[in-house]
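Undergrad: 3D model of this:
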Amino acid sequence: MTRKDKLLLLAIVAVLALVAAHAFLSVDVVKHGKKVISRVELKNLDPANNGINIEVVQPWFNPYKELSFNVGEPDERDFDRFDVTRCLLQCAQQLQERDFSRMYLCNKGDRLYYINAEDFKRLGEQYKNGETLNTLALYVKLPQVTYTLNDSLAFPPHEGLMGHVSDAQDWNTMMSNLLRGS
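TA: So this is what the prediction gives:
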């Protein structure tokens, strides 16, 4: 093997190692990253969040500026879809000034959906300012800005009076998936 072949082989091994490291750090975001909002910080936002196993995590290697909202197993107390949604909106409010592109919605580290940063920040602003008649209106608005991992809308748009009922059903499905990880 010539010196040139050895250098080429070394370069190939180095590139493969970098690709493997990137895949490990970006795919396994929730398990290997920096906590942006920890469980303690979530509790400090609202005492009702005490004992809820939810964290916002940023991967160590993060070229796409993605964050993950991870719903974990209940360990200190059970929590429901209303708790998860309240925590999500409180995190949206807290992260308005942060530079990121997407917020992945995860269950036990598995990505299920994502919300674009602009939509996520807008929900946080509306939650902060109380722009809707009640917080429940924001709850059912969540599915309208949620995407699947293949970049399509997670739930079809609905119109009219029955559309509000369908939006509520979509929210219920979305939150059930986040709690169960189906």
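
Undergrad: strands along the chain, start to end?
TA: Secondary structure of the chain (DSSP state E): strands at 33-37, 54-59, 66-71, 102-107, 110-116, 146-147.

Undergrad: can I get those strands in CSV including distance to Ser166 and mean neighbour count?
TA: Just so you know, the C-beta spots here come from the backbone N, C-alpha and C atoms, and that holds for glycine as well. What follows is the strands of the chain, written out as CSV (distance: least, Cβ to Cβ, whole Å; neighbours: other Cβ atoms under 10 Å):
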stretch, distance to Ser166, mean neighbour count
strand 33-37, 31, 17
strand 54-59, 27, 22
strand 66-71, 23, 24
strand 102-107, 20, 22
strand 110-116, 17, 19
strand 146-147, 14, 20
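
Undergrad: now do Lys31, the pLDDT please.
TA: What the model reports as pLDDT for Lys31 is 58.

Undergrad: and if you look at Pro74?
TA: 85.

Undergrad: now do the residue nearest to it when sequence neighbours are not counted against Arg102, distance only.
TA: Nearest residue to Pro74 in three dimensions, chain neighbours excluded: Asn53, at 6.1 Å (Cβ to Cβ, 6 or more residues apart in numbering). Distance of Asn53 to Arg102, computed by Cβ to Cβ, to the nearest Å: 22 Å.

Undergrad: next one: Val13
TA: Distance, Val13 to Arg102, using Cβ to Cβ: 32 Å.

Undergrad: for the nearest residue to Ile37 once chain neighbours are set aside, give me its contacts.
TA: Distances taken as Cβ to Cβ, 6+ apart put Val56 closest to Ile37, at 4.0 Å, once the chain neighbours are dropped. Going by Cβ atoms under 8 Å, 6 or more residues apart in numbering, Val56 touches 35-37, 67-70, 91, 95, 103.

Undergrad: still on that earlier bit, quick one: neighbours of the residue nearest to Pro74, just the number.
TA: For Asn53, the count of nearby residues is 16 (other Cβ atoms under 10 Å).

Undergrad: done for today, thanks.
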